[in-house]
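> Sequence and predicted structure, then a few things I'm wondering about:
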Amino acid sequence: MLWKKGMLFCEISPLTYAISEQKEIARRHLKNAMSKEVIARSYYDGKLPAVIYRQSSHLIKRGKGIDPVLQQNKAENIRLACAEINGLIIRPGETFSFWLTVGPTTKQRGYKDGRVIINGKLISGIGGGLCNLSNTIHRVILHSPMEVTEFHSHSDALAPDEHGRVPFSAGTSVSYNYIDYRFKNTTSQHVQLLAWCEGDELFVELRSRKPFPCRYDISEEGHHFQKEGDKYYRVSKIYKDTYDKKTGKRLMHQLVLDNHSEVMFDPELIPKEQLWEE
């Protein structure tokens, strides 16, 4: 590809993208080394007694234009990453880092080609598909008093909704190691993160020693698709709602994502009743 005015260096060719990525990886290593964040590192073989929230997600997506081999590879990649996360204890004041827990996604460690998004395009890449895991973790953390300290988003419209719309069914981006997902335990008790696979299902749980006084829900307003020029987008606002368990009173209605996601699947598969005029 020839350079065009306004084009970023990383967009010129696969080589320039790889150079840019290695620069960002090195920069993140330096930032991590200089950071004063205390990263969670300890594990517990058992399970803390109180379930704060649990979430499951399908590992395998099926449909028009979806490569079944890449889906199977994604499932294997997620199983490998879950083995590094399962049982992790996050003490008060500690931070969970996806990449400092999972580590490099290399062929030597068993990772395979899965779907990744590079320069706005879905392609195959080593370790692809781990955004499914980070997104499921994010959905769990949003249903807890944990504080999300680093979040990056990609398209929340990678494939058609299989069983109706679920807010944050996708959209949490991770890429080793500079695009991380992190949350901090700002509470006074230990919490435990569990992640495992059974068949074609991914499961994530957050547990604690005793229940917290509030419950948390995710709500979405104004969900629809719209065409902008030659492209289609999923548009909505997603909120985190905090409720007092005893009274049921809503204490907070917090915007967590102003969603404007490019549709990455065939627009013909968008439900007609969800497609709004510009």
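Everything's here; your move.
> for the helix or strand residue 69 falls within, the distance to its chain's centre please.
Assigned by DSSP states H and E, residue 69 belongs to helix 68-85. Averaging C-alpha positions (C-alpha atoms, centre = their mean, to the nearest Å) puts helix 68-85 14 Å from its chain's average.
> Next: stretch 245-256.
Centre to centre, stretch against its chain (C-alpha atoms, centre = their mean), the figure for stretch 245-256 is 24 Å.
> can you list the weak-confidence ranges in the chain?
Residue ranges of the chain with pLDDT under 70: 1-12, 63-65, 119-120, 278.
> And the strands in it, which stretches?
Under the criterion DSSP state E, the chain carries strands at the ranges 42-43, 50-58, 88-90, 95-97, 113-118, 121-126, 147-150, 182-184, 191-198, 201-208, 214-228, 231-244, 250-262, 275-276.
> now for the first one, which elements pack on it?
For strand 42-43, the contact count by 3 or more C-beta pairs under 8 Å, 6 or more residues apart in numbering; DSSP states H and E identifies strand 88-90 as packing neighbours. Just so you know, the C-beta spots here come from the backbone N, C-alpha and C atoms, and that holds for glycine as well.
> Identify the residues contacting the strand it packs on?
For strand 88-90, the surrounding residues in contact (C-beta atoms under 8 Å, 6 or more residues apart in numbering) are 40, 42-44, 96, 101, 146, 183, 185, 190-193.
> got CSV for these, with neighbour count too?
Conversion of the contacts of strand 88-90 to CSV gives the following (neighbours: other C-beta atoms under 10 Å):
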residue, neighbour count
40, 24
42, 12
43, 13
44, 13
96, 26
101, 19
146, 22
183, 27
185, 23
190, 18
191, 27
192, 24
193, 23
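> wait, which of the residues you listed is closest to residue 228?
residue 183 (32.6 Å; C-beta to C-beta).
> picking that back up, alpha carbons of the helix holding residue 69, as CSV, please.
Taking Å, rounded to 0.1, in the frame of the first residue of the first chain, the C-alpha atoms of helix 68-85 are listed here in CSV:
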residue,chain,number,x,y,z
PRO,A,68,-15.4,-22.1,12.2
VAL,A,69,-11.6,-22.8,12.4
LEU,A,70,-10.9,-19.4,13.9
GLN,A,71,-13.8,-19.9,16.3
GLN,A,72,-12.4,-23.2,17.5
ASN,A,73,-8.9,-21.6,17.9
LYS,A,74,-10.5,-18.7,19.8
ALA,A,75,-12.0,-21.2,22.2
GLU,A,76,-8.6,-22.8,22.8
ASN,A,77,-6.9,-19.4,23.3
ILE,A,78,-9.6,-18.5,25.9
ARG,A,79,-9.0,-21.8,27.7
LEU,A,80,-5.3,-21.1,28.0
ALA,A,81,-5.9,-17.6,29.3
CYS,A,82,-8.5,-18.8,31.8
ALA,A,83,-5.9,-21.2,33.3
GLU,A,84,-3.8,-18.1,34.2
ILE,A,85,-6.7,-16.2,35.7
